[in-house]
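Visitor: Whatever this is, show me its structure:
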Amino acid sequence: ASAFRQASPSPALGAALSPSRNREVLRQSLQETQRRCQSLNSDMVQQATNHEELVEALAAVKDANKRLVEQIRFQSDEVETLTQQRVTDEERFEHSKRRHLADQESCHRSAQRRLAAARDVAGRRHSTARQQLGDRLRHVRTRADIYSQDAMLLHEDQFLIRRDAVSLQSEIEAQMGAGIGQILARCQRAAEARQAKRDTAQEAVRRLEL
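Guide: Model (predicted):
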């Protein structure tokens, strides 16, 4: 249009020009305008094509962004699920750990109680057995002393009996025909004395055993 305005002659100049000249100028201006229109049309078609490509690319980018957003949302949900599972697993682990420690402490206390009870029972049994053995040992020693004393008394009795027998034999040989009744009486008294000693010793043994 600017070229057309530039090509248009002034009124005074147009009066001086011939009609053929005017037509030539107009034809050139029209051709120039058509070329410009075609160039502008080509530019508009190219821009429209570029715009369509941009629209398609923008749609593809929007689709890709939508898929990416969905993928991010899915991964976020998965991460949240995994995080929740991890928290739950950690809580379960802590619960199991506390329960294990409590069970271990309970077993330790129970083992200590059983060990203390076993030591107490063993101590009482040891004391009882020691006391019983001491009582038996004292009883055996007492009976041994009694038996020893009894043996000594028996030994003395045997010695006295032998001495009395020797003396009796001497007296019998010396006094063969006299005092038989006296001799028998002495033997009876000696036997009674020995029996009395035996009875005394046996009574002492019975008292110690009771």
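Visitor: Quick check: which element contains the spatially most central residue of the chain?
Guide: Per CA atoms, centre = their mean, the C-alpha nearest to the average position across the chain is that of His100, at 4.3 Å. Counting by DSSP states H and E, the element that carries His100 is helix 19-174.
Visitor: Which neighbouring elements make contact with that helix?
Guide: Applying 3 or more CB pairs under 8 Å, 6 or more residues apart in numbering; DSSP states H and E, one finds that helix 19-174 contacts helix 2-7, helix 180-209. Every residue, glycine included, has its C-beta placed from N, CA and C.
Visitor: quick one: the last one to helix 19-174, angle?
Guide: What it means is helix 180-209. 170 degrees (axes from the mean of the first three to the mean of the last three CA atoms, to 10 degrees).
Visitor: distance between helix 180-209 and the chain's centre?
Guide: 81 Å (CA atoms, centre = their mean, to the nearest Å).
Visitor: ok, now stretch 134-148?
Guide: 57 Å.
Visitor: likewise stretch 200-210?
Guide: Taking CA atoms, centre = their mean, the mean C-alpha location of stretch 200-210 is offset from the chain mean by 66 Å.
Visitor: Dump the C-alpha coordinates for that stretch into CSV.
Guide: What follows is stretch 200-210 as a C-alpha-only set of coordinates in CSV (Å, rounded to 0.1, in the frame of the first residue of the first chain):
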residue,chain,number,x,y,z
THR,A,200,25.6,-101.0,135.1
ALA,A,201,27.5,-100.7,131.8
GLN,A,202,24.5,-101.9,129.8
GLU,A,203,22.3,-99.4,131.5
ALA,A,204,24.7,-96.6,130.7
VAL,A,205,24.7,-97.7,127.0
ARG,A,206,20.9,-97.8,126.9
ARG,A,207,20.7,-94.3,128.3
LEU,A,208,23.1,-92.9,125.7
GLU,A,209,21.2,-94.6,122.8
LEU,A,210,18.0,-93.0,124.0
